[in-house]
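S.K.: Take this sequence and fold it.
(chains A and B)
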Amino acid sequence: MQIHQYKSNGYNMVLDVPGGSVHVMDDAAYEAAEVLSAQPDADEASFLAALALKKGAPLAEQETADFREAYAELQELKKEGALFTEEPYAPSVEAYASRPTVVKALCLHVAHDCNLACRYCFAEEGEYHGRRALMSFETGKKALDFLVRNSGQRENLEVDFFGGEPLMNWEVVKQLVAYGRELERNYPKHFRFTLTTNGVLLNEEIMTFCNREMDNVVLSIDGRKEVHDRMRPFRKGAGSYDLIVPKFLEFAKQRRELGLKYYARGTFTRYNLDFAADVLHLHDLGFDQISVEPVVAPKEADYAIRPEDVPFLKNQYDLLAREMIRLEKEGNGFNFFHFMIDLTGGPCVYKRLSGCGSGTEYLAVTPGGELYPCHQFVGIEPFLIGNVDEGVTNTDLVKDFKKINVYAKEECRSCFARFYCSGGCMANAWNFTGRIDGVYEIGCALQQKRVECALMIKAALAEA
Amino acid sequence: MKHIKTLNTKNLQNTVKKGGCGECQTSCQSACKTSCTVGNQSCEAKKN
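M.R.: Here you go, the predicted model:
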């Protein structure tokens, strides 16, 4: 049994952690919930006594009446299974996590080369710790065959065209999409393709093709011109903002009109800790599907986020949340990926607790056909997991990845956000702790804040 | 209720019984690529 209580933007929020119910309470109920969380079976008399003890004074008449009502309402929620629920998942999640898994997604690094030299690139300016290389159609074909062969009964298969910059190998992207469609005719499979691009080579022909074939496109843009150009320059130093913005806006417009998915996707670093301004800038430009995320960087990098930056960043999320509520109420809202939360649907407990799938269900493929647990591990030798010819050969490594779920990490077991982050990113954990089952504390603090903001936004919009 | 407004009555416990089909996306796809977020994903089971 666990509840998480917090005050945000004037709302008293109470989350039933194991069950996922969310409540907004007045002050009396909020305080009552706090007292009852320590002793959920308390009868009314002991509950009132505990409250008086907490306050250090006898309760006034009106207070007593309010707390009695609050007590009754909390008991009702408990009875309905909406508060103070139990968490019986550990045995079934561990059994689920050790099930035979299938591969359901590949990140195809079709180009280990890039026409930009982004300063924070974990691909080392597109080169991924190795020489520049382009994936051949033959290798890509083998990767798609590998995916079909290893996907069991799963129908939907996801394939991301990634890089470096995938548009530097555009002909192969088109050939692989055509090959995927051919496979769909022969197997009961459906490919969902995604393209992530920096926009430099984007043109009308590519947009038209993507609108026909790509389930999603991710458009890399960091926000304000000075912020974007500082971190995303061309190799000779000039900024890329002016070139890409008009093309991205056109692409986003087309996708929106066709009812297709896209994201304007940015990274924030220590150089723009005031990233809320960048999110709002993207909205001002005309994007309505936005994701701006903290940089993944080695601790010593000048642009890496430091522990002392966390309070400021939390304030930025608060500020952004308030602004998004205001805009939404004005009919000018937008979607921010990290504030998306599905309170009524959403994934099952298994999905929520069993980790991200890297190394088991999700693999990255290099231009030469090597397999790694995910795009962030590419080129790091100990994480080489196999290749498209022989399949997964390092089965011990797969077992290591498979073992990681929320209950395998001490810090996650008591964290209120564990049902929303699935234990966090293993690549981040590796970068910061040297262990894939480590805990990246800055990431956790920001994730917790984002969940709190996302729930508060729901409360604010439910009022409208 | 006078003191409490419930936004949802999600009962994750119920998903233990019918969940676990594995049709959902891996977590790092769609927009993120650098963080792991599952609370915003949708369940694919109901689509099939």
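S.K.: Name the residue of the stretch 101-250 of chain A with the shortest distance to chain B.
M.R.: residue A:105 (4.6 Å; Cβ to the nearest Cβ). C-beta: built from backbone N, CA, C; applies to glycine.
S.K.: Any idea how many residues pack against residue 3?
M.R.: Assuming you mean chain A. By other Cβ atoms under 10 Å in any protein chain shown, the residues close to residue A:3 number 21.
S.K.: hmm, I had chain B in mind actually
M.R.: By other Cβ under 10 Å, neighbour count at residue B:3 equals 23.
S.K.: Just to check, it is in contact with residue A:24?
M.R.: No: using Cβ atoms under 8 Å, residue B:3 makes no contact with residue A:24, being 10.0 Å away.
S.K.: A helix includes residue A:341, no?
M.R.: No: counting by DSSP: H, G, I helix; E, B strand; the rest coil, residue A:341 is not part of a helix but coil.
S.K.: still on that earlier bit, quick check: closest non-adjacent residue to the residue of the stretch 101-250 of chain A closest to chain B.
M.R.: If you skip the residues right next to it in sequence, residue A:105 has residue A:158 as its closest partner in space, 3.9 Å away by Cβ to Cβ, 6 or more residues apart in numbering or on different chains.
S.K.: Which strands border the one helix or strand that neighbour maps to, and is each parallel or antiparallel?
M.R.: If you go by DSSP states H and E, residue A:158 is part of strand A:156-162. With DSSP bridges as the test, strand A:156-162 is paired with strand A:105-109 (parallel), strand A:190-197 (parallel).
S.K.: What's the mean pLDDT across it?
M.R.: In this model, strand A:156-162 has a mean pLDDT of 94.
S.K.: Whichever helix or strand comes after it packs against which elements?
M.R.: Moving toward the C-terminus from strand A:156-162, the next helix or strand (DSSP H and E) is helix A:170-186. Applying 3 or more Cβ pairs under 8 Å, 6 or more residues apart in numbering or on different chains; DSSP states H and E, one finds that helix A:170-186 contacts helix A:137-149, strand A:156-162, strand A:190-197, helix A:204-213.
S.K.: change it to 7 Å
M.R.: helix A:137-149, strand A:190-197, helix A:204-213 (3 or more Cβ pairs under 7 Å, 6 or more residues apart in numbering or on different chains; DSSP states H and E).
S.K.: any weak-confidence spans in chain B?
M.R.: Low-confidence segments of chain B (pLDDT under 70): B:19, B:27-36, B:46-48.
S.K.: any chance you could map the strands in it?
M.R.: B:4-8 (DSSP state E).
S.K.: Could you grab the helix/strand/coil label for the residue nearest to residue A:202 when sequence neighbours are not counted?
M.R.: Excluding the flanking residues, the one nearest residue A:202 by Cβ to Cβ, 6+ apart is residue A:247, at 4.7 Å. Under three-state DSSP, the three-state class of residue A:247 is helix.
S.K.: Residue A:247: neighbouring residues, count only.
M.R.: Around residue A:247 there are 19 other residues, counting by other Cβ under 10 Å.
S.K.: So for it, what's the pLDDT?
M.R.: At residue A:247, pLDDT is 98.
S.K.: quick one: contacts for residue A:45?
M.R.: Applying Cβ atoms under 7 Å, 6 or more residues apart in numbering or on different chains to residue A:45 gives no contacts.
S.K.: Give me the longest helix you can find in chain A.
M.R.: Assignment by DSSP state H gives helix A:441-463 as the longest helix of chain A.
S.K.: Just the closest residue of chain A to chain B, please.
M.R.: Counting by Cβ to the nearest Cβ, chain A gets nearest chain B through residue A:348, at 2.6 Å.
S.K.: right, and that residue touches residue B:43 too?
M.R.: Yes: counting by Cβ atoms under 7 Å, residue B:43 is a contact partner of residue A:348 at 6.3 Å.
S.K.: Neighbour count: those two, which is higher?
M.R.: Higher neighbour count among residue A:348 and residue B:43: residue A:348, with 22 against 18, using other Cβ under 10 Å.
S.K.: Please work out how many residues are found near residue 1.
M.R.: Since you didn't name a chain, this refers to chain A. 14.
S.K.: Not quite, go with chain B.
M.R.: The burial count for residue B:1: 16, using other Cβ under 10 Å.
S.K.: Now do the contacts for the residue nearest to it when sequence neighbours are not counted.
M.R.: What sits nearest to residue B:1 in space, not counting adjacent residues and going by Cβ to Cβ, 6+ apart, is residue A:73, at 4.8 Å. In this structure, residue A:73 makes contact with A:29, B:1, B:3, B:4, judged by Cβ under 7 Å, 6+ apart.
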